[in-house]
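K.L.:
One predicted model, sequence on top.
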Amino acid sequence: MKNRHLNEKSEIIKMQDEELNKAFLAYGTFKELKENGVLTKDGGILGLGGSKSIPGIFEEDSFMQLDIRETREIPLFTRKVSFITEHPDSSYRFLIDEGLITYLEIENPDEFWKLSKYAVLETK
């Protein structure tokens, strides 16, 4: 009885720990992000100008789920990339090889994910 109770508590703690360290990432072109419901463009006239934003309601299925304790590098392989979400500049860097941005390297995960557990990057 006591072992079963300890196992149940252990399982609950494990699930809570996984939930606390869960983060979500989406990246792609504006068109891809818009089609997946991750990004919208507000304002502007006839498609010009306006600002890109994340809709208030979106499907988590449109995001890749990550464990912030384990994910340090995210492959990008693009010529240009910009964050839509806010993340401290000092918490990451882009690795570049022959003019191509190959990876996003998260140098300080606690700092990187402090403002939000969601990261959205637009590639070009």
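P.N.:
Everything's here; your move.
K.L.:
now residue 38, what's its secondary structure?
P.N.:
coil (DSSP: H, G, I helix; E, B strand; the rest coil).
K.L.:
tell me the pLDDT at it?
P.N.:
Note for residue 38: predicted pLDDT of 91.
K.L.:
Find the residue closest to it in space, skipping its chain neighbours.
P.N.:
In this structure, residue 38 finds its nearest non-sequential neighbour in residue 26, 4.6 Å apart by C-beta to C-beta, 6 or more residues apart in numbering. Glycine gets a C-beta too; all of them are placed from N, C-alpha and C.
K.L.:
which one's the longest helix in the protein?
P.N.:
Of all the elements of type helix in the chain, the one with the most residues (DSSP state H) is helix 2-20.
K.L.:
Could I get the buried residue list for it?
P.N.:
Within helix 2-20, not a single residue qualifies as buried, counting by 16 or more other C-beta atoms under 10 Å.
K.L.:
how distant is it from the center of its chain?
P.N.:
How far helix 2-20 lies from its chain's middle: 27 Å, per C-alpha atoms, centre = their mean, to the nearest Å.
K.L.:
got the contact list for that helix?
P.N.:
For helix 2-20, contacts defined as C-beta atoms under 8 Å, 6 or more residues apart in numbering pick out residue 67.
K.L.:
immediately after that helix, which helix or strand?
P.N.:
For helix 2-20, the following helix or strand on the C-terminal side (DSSP states H and E) is strand 22-28.
K.L.:
and that next one, average pLDDT?
P.N.:
Strand 22-28 comes out at a mean pLDDT of 96.
K.L.:
Describe which strands that strand pairs with in its sheet and in which direction.
P.N.:
strand 64-67 (antiparallel), strand 118-123 (parallel) (DSSP bridges).
K.L.:
Any idea how far the shortest one is from the middle of the chain?
P.N.:
Pointing back at strand 64-67 there. 8 Å.
K.L.:
if we can go back for a sec, for the residue nearest to residue 38, the count of nearby residues, please.
P.N.:
Number of residues near residue 26 (other C-beta atoms under 10 Å) recorded here: 23.
K.L.:
Cool, thanks, talk later.
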